[in-house]
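*Asks:* Generate coordinates for the sequence data below:
(2 chains)
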Amino acid sequence: NAGVTQTPKFHILKTGQSMTLQCAQDMNHGYLSWYRQDPGMGLRRIHYSVAAGITDKGEVPDGYNVSRSNTEDFPLRLESAAPSQTSVYFCASTKLYLGTGELFFGEGSRLTVL
Amino acid sequence: AQKVTQAQTEISVVEKEDVTLDCVYETRDTTYYLFWYKQPPSGELVFLIRRNSFDEQNEISGRYSWNFQKSTSSFNFTITASQVVDSAVYFCALITQGGSEKLVFGKGMKLTVNP
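*Replies:* Next up is the predicted model:
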């Protein structure tokens, strides 16, 4: 099993451009979530989804959109990228809901906005 | 408001030393979960342990041990006889589910184990 797969691993885009980070899991997990990691800030949750068709805002949702059309995929979209969105992004899943077990993280996507 | 404090930002030790990583949390919820994750230089995040607020039993897993004390709102992590492979950034995290779900990570603590 691949677990949680993120693409791309690296990307550079210009201010104002749009971009979608892909996240796919093959563990039949219900809960999927996106995080950003910035130096000295730890990880902060952007959006999450407990099931297909249901999404909710995390602690730092501004500037990002998500959708969940099926169990496997949870793309993160930046509609108009800003330099403040330069970060490393992680997608993570767990079987039921957040507190019940470990989060399985993807390998991360390093995004640079110029 | 929920908060996780990892007061130490960086620690450097020599191999075989014991090292304790501190984690202090704040929450008014009675039901919550605490986690530790490891992030080695390769960048992936590795789950280490999960504790719920009703289980104060300490845990030992090989050279790793965790001390959960609700009285001091702490969930400290000790590595015994540290090894170079323990070099990583370690994150403590708090999940609360009173009302709406909240997730807070500490800022992380970078551990360097020198040979």
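*Asks:* quick one: the strands in chain B?
*Replies:* Under the criterion DSSP state E, chain B contains strands at B:3-5, B:10-14, B:19-21, B:24-26, B:32-39, B:46-52, B:59-61, B:64-69, B:74-79, B:88-96, B:102-105, B:109-114.
*Asks:* export the ones you listed to a markdown table and tack on mean neighbour count and mean pLDDT?
*Replies:* Placement of C-beta: from N, CA and C, glycine included. A markdown table is the format used below for those (neighbours: other CB atoms under 10 Å in any protein chain shown; pLDDT from 0 to 100):
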| stretch | mean neighbour count | mean pLDDT |
| --- | --- | --- |
| strand B:3-5 | 17 | 95 |
| strand B:10-14 | 13 | 97 |
| strand B:19-21 | 18 | 97 |
| strand B:24-26 | 17 | 97 |
| strand B:32-39 | 21 | 94 |
| strand B:46-52 | 16 | 91 |
| strand B:59-61 | 11 | 87 |
| strand B:64-69 | 17 | 94 |
| strand B:74-79 | 20 | 96 |
| strand B:88-96 | 23 | 94 |
| strand B:102-105 | 22 | 88 |
| strand B:109-114 | 17 | 96 |
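*Asks:* Compare the ones you listed and report which one is nearest to A:L78.
*Replies:* With CB to CB as the criterion, A:L78 lies closest to strand B:102-105 of those, at 21.1 Å.
*Asks:* quick one: that closest one to chain centroid distance?
*Replies:* 13 Å (CA atoms, centre = their mean, to the nearest Å).
*Asks:* for stretch B:104-115, same thing?
*Replies:* 9 Å.
*Asks:* For the residue nearest in space to the middle of chain A, identify the helix or strand it belongs to.
*Replies:* Taking CA atoms, centre = their mean, the centroid of chain A lies closest to A:W34, which sits 2.8 Å from it. Assigned by DSSP states H and E, A:W34 belongs to strand A:31-38.
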